[in-house]
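In: sequence-free structure coming up:
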Ligand SMILES: Nc1ncnc2c1ncn2[C@@H]1O[C@H](COP(=O)(O)OP(=O)(O)OP(=O)(O)O)[C@@H](O)[C@H]1O
């Protein structure tokens, strides 16, 4: 069935073991070539949404669709094959391996060598630092550069949607700015992004659409610029009143 959305999480209920549900009827939809960001208080379940979308956590109820196809019970490998690529929170580059080796790991499921080479050309053009430091040990790169290597690795499988969990974690403001610029470049190159961020104001300044999570549901959603202007949201979730100039 055709769908106007690349990823649909519909009425999702999910939790860990016997503990209370973390997600309680959550619905999030990601259109093509769009950055959707999830913001909300600590423990609201933002990372849990990404774990459900990448098959790391099977929902107890609800439906997950990728381009209209039901993938609800897929395992992580099947989710990857369906087009959902997850960039985990924290740093996941292998520091003792080169940038090239790290990026090629993202292509482990591709059999066709020319496809791998095409994808390498693509990620090198999207992330100049990946091209410039191709033979360097990944551990020699700065935190922000390592994050771009992770982005490049996640794009090797030509995903429909990249799931980004707190890409700015541990980065200084300058590196955070660069990483968010690269998120926009990914979108402009045609990849949809579902982004989870602690840095809610910065994420909403980057995103097209925003969803505010509270108590395991989407409390409010809409165009990110409108959410940024909402005084009540600013007070509750964005650490203060709307700003007239973008934060640096
Ligand atoms: N592996 C796990 N086992 C048990 N409980 C977990 C696990 N991971 C997360 N939780 C719990 O699920 C709830 C939601 O966590 P989650 O990490 O999704 O929230 P979050 O909104 O991403 O928060 P933060 O911004 O602090 O990362 C929290 O109460 C957390 O303690």
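Out: Happy to help now that I have it. Since the structure is predicted, the reported quantities are computational estimates derived from the model, not experimental observations.
In: C-alpha from now on. contacts and neighbour counts both.
Out: Will do.
In: Just give me the neighbour total for residue 45.
Out: Using other C-alpha atoms under 10 Å, the number of residues around residue 45 comes to 26.
In: just how off-centre is the worst-scoring helix or strand of the chain on mean pLDDT within its chain?
Out: When the helices and strands of the chain are scored by mean pLDDT, DSSP states H and E, helix 231-237 comes last with a mean of 78. Offset of helix 231-237 from its chain centre (C-alpha atoms, centre = their mean, to the nearest Å): 23 Å.
In: is it anywhere near the ligand?
Out: No: Helix 231-237 does not reach the ligand (C-alpha under 6 Å from any ligand atom); its nearest approach is 11.8 Å.
In: 36 is where my numbering starts, stick with that
Out: Sure thing, new numbering starts at 36, so read that last one as helix 266-272.
In: Give the buried residues for that helix.
Out: Neighbour counts over helix 266-272 (16 or more other C-alpha atoms under 10 Å) mark 268, 269, 272 as buried.
In: The host helix or strand of residue 263 packs against which elements?
Out: Assessed by DSSP states H and E, residue 263 sits inside helix 259-264. Counting contacts by 3 or more C-alpha pairs under 8 Å, 6 or more residues apart in numbering; DSSP states H and E, helix 259-264 is packed against helix 235-241, strand 244-249.
In: could those be laid out in CSV, adding distance to the ligand?
Out: Output for the helices and strands packed on helix 259-264, formatted as CSV (distance: least, C-alpha to the nearest ligand atom, whole Å):
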stretch, distance to the ligand
helix 235-241, 10
strand 244-249, 8
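In: Using a markdown table, please lay out the ones you listed together with distance to residue 46, mean neighbour count and mean pLDDT.
Out: What follows is the helices and strands packed on helix 259-264, written out as a markdown table (distance: least, C-alpha to C-alpha, whole Å; neighbours: other C-alpha atoms under 10 Å; pLDDT from 0 to 100):
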| stretch | distance to residue 46 | mean neighbour count | mean pLDDT |
| --- | --- | --- | --- |
| helix 235-241 | 24 | 22 | 91 |
| strand 244-249 | 14 | 23 | 93 |
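In: Distance to residue 192 for these - can I get that in JSON lines?
Out: Listed next are these as JSON lines, based on distance: least, C-alpha to C-alpha, whole Å:
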{"stretch": "helix 235-241", "distance to residue 192": "24"}
{"stretch": "strand 244-249", "distance to residue 192": "25"}
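In: coming back round to it: the helix holding residue 263 - what's its average pLDDT?
Out: Computed over helix 259-264, the mean pLDDT rounds to 92.
In: Can you name the residues that contact residue 223?
Out: Residue 223 sits next to residue 68 when contact means C-alpha atoms under 8 Å, 6 or more residues apart in numbering.
In: So what pairs up with the most centrally placed residue in the chain in the strands?
Out: Taking C-alpha atoms, centre = their mean, the centroid of the chain lies closest to residue 199, which sits 2.1 Å from it. In this structure, residue 199 bridges to residue 122, residue 230 when assessed by DSSP bridges.
In: Residue 44 belongs to a strand, doesn't it?
Out: Yes: assigned with DSSP: H, G, I helix; E, B strand; the rest coil, residue 44 falls within a strand.
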